[in-house]
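Everything below, folded, please.
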Amino acid sequence: MRGHYIFIAFNERFCVFLSDFAPLGISFSFVAALCPPCVLRVVRQTGGPGCSSSLALLGENGPCSVNEHGDGTVPNPHSWNENAHALWLDQPTGVGYSYGAIDDHSEEMVGENAYYFLQSFLQSHPEYAKNPLFITGESYAGHYGK
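Residues are numbered from 1 along each chain as shown. Sure thing, here's the model as predicted:
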């Protein structure tokens with residue numbers, strides 16, 4: 001553990017903490033299930049390390065994809081939020097829109113930040129706390145979900 005985390009703020013795209021009194025912001029995208037009542041919550045992390053989960057959100061398993069002209073979106077009929085509440089998480093810090101005074105250097109740091117992010121998310125959105133949680137990722141993200 002690096003130290004103490006103090007929850008500061010939470011909105012639709014960011015969760016902000018003070019970690020050892022240094023700011024830390026975790027960027028994420030959350031899309032509720034289209035078919036409630038839903039039994040799953042899925043957290044998606046992209047591998048790399050260093051690849052934003054926006055890639056998966058807009059090109060793989062999110063509710064829409066960027067169209068071929070790059071000027072709009074098209075629905076994704078295979079989106080994970082068809083059957084699950086889905087959350088795409090940008091980590092480690094320094095990836096996508098996530099930031100920190102010190103970028104994560106180890107799997108332990110990434111895991112710790114994700115743990116505190118998820119605790120804050122569920123505190124801010126208790127309606128999702130009762131559903132089972134599945135954490136998934138590709139490539140190096142498999143190391144974070146241990």
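
what about Ala114, distance to Pro75?
29 Å (Cβ to Cβ, to the nearest Å). Where you see a C-beta, it was placed from the backbone N, CA and C, and this is true even at glycine.

Neighbour count for those two, which is higher?
Remark: of Ala114 and Pro75, Ala114 carries more neighbours, 20 against 9, as counted by other Cβ atoms under 10 Å.

Buried ones in the helix or strand hosting the more buried one, by neighbour count?
Per DSSP states H and E: Ala114 is located in helix 107-124. Using 16 or more other Cβ atoms under 10 Å as the test for burial, helix 107-124 gives Met109, Val110, Gly111, Glu112, Asn113, Ala114, Tyr116, Phe117, Leu118, Ser120, Phe121.

From Cys35, how far out is the second one?
Taking Cβ to Cβ as the measure, Val110 falls 31 Å from Cys35.

Repeat that for the fourth one.
Distance of Glu112 to Cys35, given as Cβ to Cβ: 33 Å.

The third one now?
Gly111 sits 31 Å away from Cys35 when distances are taken as Cβ to Cβ.

likewise the first one?
As for Met109, its distance to Cys35 is 36 Å (criterion: Cβ to Cβ).

Likewise for the last one?
Here Phe121 is placed at a distance of 21 Å from Cys35 (Cβ to Cβ).

So for the residue nearest the centre of the chain, what's the pLDDT?
By Cα atoms, centre = their mean, the chain has its centre lying nearest to Leu89, at 1.7 Å. In this model, Leu89 is scored at 83, pLDDT.

Would you check that it makes contact with Arg44?
Yes. Between Leu89 and Arg44 a contact is recorded at 6.9 Å, counting by Cβ atoms under 8 Å.
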